[in-house]
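*Asks:* here's a sequence, model it:
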Amino acid sequence: MIRGLSAGASARRKLLLLRLSLWAESAATTARRLSRNKAAVLGGIVVLIIALAAVFADDIAPYEPDDMNLADRFSPPGGKYLLGADHLGRDVLSRLIHGARVSILVGIITVTISIIIGGTLGVLAGYYGGTFDAVLSRLTEVLLAFPYLIFAIGAMAMLGPGFWNLVWALCFKAWVEFFRLARAGVLSEKTKEYVEAARVLGRSDFEIMCFEILPNVVNPLVVVGTLRMGTMMVMEASLSFLGIGIPPRIPTWGSMIQDGYRFILNAWWLSAFPGIALVALVLSVNLLGEGLREVLDPDLQSF
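*Replies:* Take a look at the predicted model:
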């Protein structure tokens, strides 16, 4: 019996190693195909540059984001301040670099949490069905009836300003799309022959969901998740612009635009540069997401 248990554990390890090697090979193939898409590569490079600037903001920013020098109020771009100074004499470039941290973190964390929650619930609902599936499906329909920005404003009004409050306010509805994607994929896959074969071999429901079905439905989640990062960044900037997102003491692109629009006629750079940065980042994320969609969707592959 001990030999049998040892042989079974060895077989599971070999199967796990085989799956890992197949996933690594698939990732390498995806990277090669993605590298042929010039727009996606350009988007990825821009995202990487902004992400590196955000990570090393303390080292590359010429000034502290909150350093004020009232004698330099509204200094135009060039000279002492490359992108000018705001109404309190703070360096716009330094605040821009530090503000990238918030946008990137909100996009990554919100989408990651939403994929985990929505994907898990979608796989369970699609696989088991029944009352659990019906209740969650009706809940998602109710949430979809609310416009996203209005829903987020209401959630922030209850939770109050703050980074994690903003993340949870966005996640309250963001998980719905991933739930529907995962559920639809599982409903399509669970009746196929390879799933029936796994059941005949005595595989547990957990093993079937995680190792048989999930690898075949994860691609749409990754693609939509990448595209929705840009949406989350815009939502964060919108809420910060309205003054109900990130607290004013933390530099964000949305709050910078809000601070500068009052002086748009005399100091256009206060709102223009954070607006351009936000557009560049969101556009780059969308280009990367579209490239992933073309690579991971067999119907769209042209190579």
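*Asks:* look up how far Tyr63 lies from Ile257.
*Replies:* 20 Å (CB to CB, to the nearest Å). Where C-beta positions appear, they are placed from N, C-alpha and C, glycine not excepted.
*Asks:* which one of those two has more residues nearby?
*Replies:* Ranked by neighbour count (other CB atoms under 10 Å), Ile257 and Tyr63 place Ile257 first, with 22 against 17.
*Asks:* ok, then the element right after the helix or strand bottoming out on mean pLDDT in the chain?
*Replies:* The helix or strand of the chain with the poorest confidence is helix 2-35; it has a mean of 63 (mean pLDDT, DSSP states H and E). Going down the chain from helix 2-35, the next helix or strand is helix 38-55, by DSSP states H and E.
*Asks:* and that following helix, what other elements does it pack with?
*Replies:* Judged by 3 or more CB pairs under 8 Å, 6 or more residues apart in numbering; DSSP states H and E, helix 38-55 is in contact with helix 2-35, helix 92-128, helix 269-296.
*Asks:* start and end of stretch 156-171, how far apart?
*Replies:* Distance across stretch 156-171, first residue to last, is 12 Å (CA to CA, to the nearest Å).
*Asks:* same question for it: list its buried residues.
*Replies:* Buried residues in stretch 156-171, defined by neighbour count with 16 or more other CB atoms under 10 Å: Met156, Pro161, Phe163, Asn165, Leu166, Val167, Ala169, Leu170, Cys171.
*Asks:* closest to Glu236 out of those?
*Replies:* Of all the buried residues of stretch 156-171, Leu166 has the smallest distance to Glu236: 6.3 Å, by CB to CB.
*Asks:* and that closest one, what does it touch?
*Replies:* Contact partners of Leu166, counting by CB atoms under 8 Å, 6 or more residues apart in numbering, are Val106, Met156, Glu236, Leu239, Gly245, Ile246.
*Asks:* name the residues that touch stretch 41-57?
*Replies:* Contacts of stretch 41-57 (CB under 8 Å, 6+ apart): 34-35, 60, 97-98, 100-101, 104, 277, 280-281, 283-288, 291.
*Asks:* off-centre distance for that stretch?
*Replies:* With CA atoms, centre = their mean, to the nearest Å as the basis, stretch 41-57 stands 15 Å off its chain's centre.
*Asks:* tell me the pLDDT of Ile45.
*Replies:* pLDDT for Ile45: 92.
*Asks:* now for it, how many residues are close by?
*Replies:* 12.
*Asks:* gap between it and Arg199?
*Replies:* 46 Å.
*Asks:* again, but for Asn165
*Replies:* From Asn165 to Arg199 the distance is 44 Å (CB to CB).
*Asks:* show me the shaky parts of the chain.
*Replies:* Across the chain, the ranges flagged by pLDDT under 70 are 1-20, 22-27, 30, 297-303.
*Asks:* I'd like to know how far the closest residue to Leu288 other than its chain neighbours sits from Gly99.
*Replies:* Spatial nearest neighbour of Leu288, excluding adjacent residues (CB to CB, 6 or more residues apart in numbering): Gly43 at 4.1 Å. Gly43 sits 20 Å away from Gly99, going by CB to CB.
*Asks:* repeat that for Ile60.
*Replies:* 14 Å.
*Asks:* more neighbours, these two?
*Replies:* Shown here are Ile60 and Gly99; by other CB under 10 Å, Gly99 has more neighbours (27 against 13).
*Asks:* who's in contact with that one?
*Replies:* Gly99 sits next to Pro65, Pro251, Thr252, Trp253, Ser255, Met256, Pro274, Ala277 when contact means CB under 8 Å, 6+ apart.
*Asks:* swap the cut-off to 10 Å and go again
*Replies:* Counting by CB atoms under 10 Å, 6 or more residues apart in numbering, Gly99 touches 54, 57, 65, 92, 237, 240, 246, 250-256, 274, 277-278.
*Asks:* of the residues you listed, keep whichever come out buried.
*Replies:* Counted by 16+ other CB under 10 Å, the contacts of Gly99 give 54, 57, 65, 92, 237, 240, 246, 250-256, 274, 277-278 as buried.
*Asks:* Leu287: neighbour count?
*Replies:* 21.
*Asks:* also Ala152?
*Replies:* 24.
*Asks:* can you check Leu88 too?
*Replies:* 14.
*Asks:* now swap in Leu144 and tell me
*Replies:* 14.
*Asks:* can I assume it is in contact with Glu177?
*Replies:* Yes - between Leu144 and Glu177 there is a contact under CB atoms under 10 Å: 8.7 Å.
*Asks:* helices along the stretch 151-300 of the chain, start to end?
*Replies:* Listed in chain order, the helices of the stretch 151-300 of the chain (DSSP state H, counting those that start in this stretch) span residues 163-189, 193-200, 205-207, 214-241, 253-260, 269-296.
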